[in-house]
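A.B. asks: Please find the sequence and the predicted model below.
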Amino acid sequence: MAETHAGVKRPHSAIEEQSGEKRRRVHYLRHVQRMPDNIEPAPQGSVAPARVPDFARDHLLKSLGAALAIAGFDGARPEALEMLREHAEEYMLRFGRYVRTSMQGTRKIKPTAQDFSMALSLMPNASTASLLKPHLDLPIPDSISCPPIPSPEPEGPAAPDLSKLLQPLLPPQQASYIPKHFPALPPRHTWQQTPVYTEREKDSKKMREMMTQEGMMAEQALRKLATAAKTATSETLKAERKKSNALSGPGKVRDGPGAAHRKRGRLDAFADVLKDVSSEETGEDLAMESTETQPGDDIDVGMPEGVVVNYDMNHWRHGKKPLRL
């Protein structure tokens with residue numbers, strides 16, 4: 001056996017090199033249409049996906065269609081027309097870039113004729129005037145060669161000046177300890193709490209009219225509430241009566257054949273008594289409407305029959321009473 005030394009590394013295995021894993025391929029676009037970031041859209045339309053206003057985009061397509069018709073083409077597919085538009089747009093962007101470079105080189109804010117002349121001299125197909133003369137004789141209609149450019153939309157009205165309303169809250173003059181080169185203080189309401197007083201009615205006649213109107217509204221609300229409570233009570237009695245009638249059908253009679261009839265008669269008599277009591281209380285309420293309510297008259301209009309507490313106490317299960325010795 002061969003002796004292994006501590007300082008010798010293990011030989012590299014060639015099997016690991018033949019792994020079946022494949023590297024991920026990343027595809028890059030070689031020809032990308034770069035759009036400069038300093039493009040400012042015209043105010044005649046909204047910005048399109050290609051950062052071109054709709055107005056300029058439509059007229060560019062019209063001019064391309066006219067150029068294809070002059071060249072002898074009967075029609076063009078949308079893909080070809082879009083590709084031609086991209087090339088024309090790239091050409092115009094390059095021309096505008098040359099104009100901007102010439103303008104910035106001479107430290108100017110707006111381009112002049114000299115800047116356009118410099119840009120034309122840098123273009124390969126417009127470097128001389130002889131190359132541009134054949135384009136003047138092309139039969140292009142005026143609606144395409146010189147399209148009418150619509151005027152931009154008028155600006156909206158200016159925001160109202162609210163400084164006069166805040167004039168009383170402004171500080172009268174700057175303090176002496178504040179340096180003069182410091183800016184003026186903002187309005188007082190932005191950094192100091194100012195009290196807000198609500199305007200209240202002071203005319204006694206108007207106050208009495210408002211109180212009378214509110215009293216009438218409260219009285220109407222109470223009348224509606226009492227009517228709704230009495231209606232709910234009558235509906236409850238009707239529901240109880242229907243329930244008792246449902247338990248008196250064939251096969252559901254309890255406590256003998258005459259028990260259901262007697263129970264129904266008792267319920268009818270009890271309902272008549274409640275109606276009489278409620279009618280008497282209603283007459284008393286109508287008689288007392290013009291007078292003030294006395295303290296302690298806590299009558300629940302919603303339950304004229306009163307509340308019976310533990311009425312079935314006699315039927316409860318009672319425990320054994322303790323024996324008394």
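C.D. replies: Great, that's in hand. As the structure is a prediction and not an experimental result, all values here were calculated from the model.
A.B. asks: Please read off the pLDDT at residue 204 from the model.
C.D. replies: We have a pLDDT of 90 for residue 204.
A.B. asks: That one: how many residues sit nearby?
C.D. replies: 8 (other C-beta atoms under 10 Å). Quick note: C-beta positions are derived from backbone N, CA and C, even for glycine.
A.B. asks: One more: residue 271?
C.D. replies: Residue 271 - counted by other C-beta under 10 Å - has 16 other residues nearby.
A.B. asks: Can you say which helix or strand has the closest residue to it other than its chain neighbours in it?
C.D. replies: Among residues not flanking residue 271 along the chain, residue 237 sits closest, at 5.6 Å (C-beta to C-beta, 6 or more residues apart in numbering). For residue 237, the host element (DSSP states H and E) is helix 204-246.
A.B. asks: What is the neighbour count of the residue nearest to residue 271?
C.D. replies: Residue 237 has 15 nearby residues by other C-beta under 10 Å.
A.B. asks: For the stretch 51-200 of the chain, which segments are assigned as helices?
C.D. replies: If DSSP state H, counting those that start in this stretch is used as the criterion, the helices of the stretch 51-200 of the chain fall at 54-71, 78-105, 113-122, 142-145.
A.B. asks: what would those helices look like in CSV with distance to residue 205, mean pLDDT and mean neighbour count?
C.D. replies: What follows is the helices of the stretch 51-200 of the chain, written out as CSV (distance: least, C-beta to C-beta, whole Å; pLDDT from 0 to 100; neighbours: other C-beta atoms under 10 Å):
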stretch, distance to residue 205, mean pLDDT, mean neighbour count
helix 54-71, 65, 82, 15
helix 78-105, 76, 90, 14
helix 113-122, 79, 91, 15
helix 142-145, 74, 77, 11
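A.B. asks: Which of the residues in stretch 223-234 are classified as buried?
C.D. replies: 230, 233 (16 or more other C-beta atoms under 10 Å).
A.B. asks: Could you do stretch 132-141 as well?
C.D. replies: residue 140.
A.B. asks: And the average pLDDT for that stretch is what?
C.D. replies: 80.
A.B. asks: Next: stretch 313-325.
C.D. replies: Stretch 313-325 comes out at a mean pLDDT of 65.
A.B. asks: I figured residue 119 hits residue 98, correct?
C.D. replies: Yes. Using C-beta atoms under 8 Å, residue 119 is in contact with residue 98, at 3.7 Å.
A.B. asks: Quick check: which of the helices of the stretch 51-200 of the chain is nearest to residue 271?
C.D. replies: helix 54-71 (79.8 Å; C-beta to C-beta).
A.B. asks: Can you list the helices and strands that that closest one packs against?
C.D. replies: helix 78-105, helix 142-145 (3 or more C-beta pairs under 8 Å, 6 or more residues apart in numbering; DSSP states H and E).
A.B. asks: Let me see the contact set for residue 140.
C.D. replies: 63, 66, 70 (C-beta atoms under 8 Å, 6 or more residues apart in numbering).
A.B. asks: out of those, which one sits closest to residue 221?
C.D. replies: Closest to residue 221, out of all of the contacts of residue 140 and judged by C-beta to C-beta, is residue 63, at 75.3 Å.
A.B. asks: can I see the domain layout of the chain?
C.D. replies: Per automatic domain parsing, the structural domains of the chain span 54-145, 208-249+258-288.
A.B. asks: Reformat these as CSV; add distance to residue 181.
C.D. replies: Output for those, formatted as CSV (distance: least, C-beta to C-beta, whole Å):
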stretch, distance to residue 181
domain 54-145, 31
domain 208-249+258-288, 57
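A.B. asks: and of these, who's closest to residue 185?
C.D. replies: Among the domains of the chain, the nearest to residue 185 by C-beta to C-beta is domain 54-145 (36.8 Å).
A.B. asks: Quick one: end-to-end length of the closest one, please.
C.D. replies: Terminal residues of domain 54-145 are spaced 17 Å apart (C-alpha to C-alpha, to the nearest Å).
A.B. asks: Next, count neighbours for residue 112.
C.D. replies: Residue 112: 13 surrounding residues under other C-beta under 10 Å.
A.B. asks: what's the nearest residue to it if we skip its chain neighbours?
C.D. replies: Distance criterion C-beta to C-beta, 6+ apart; nearest residue to residue 112, sequence neighbours excluded, is residue 103 at 7.8 Å.
A.B. asks: That neighbour reaches residue 115, doesn't it?
C.D. replies: Yes. Using C-beta under 8 Å, residue 103 is in contact with residue 115, at 5.0 Å.
A.B. asks: related to what we said a few turns ago, who wins for proximity to residue 274 among the helices and strands packed on helix 54-71?
C.D. replies: helix 78-105 (85.9 Å).
A.B. asks: Run through the neighbouring helices and strands of the closest one.
C.D. replies: Applying 3+ C-beta pairs under 8 Å, 6+ apart, one finds that helix 78-105 contacts helix 54-71, helix 113-122.
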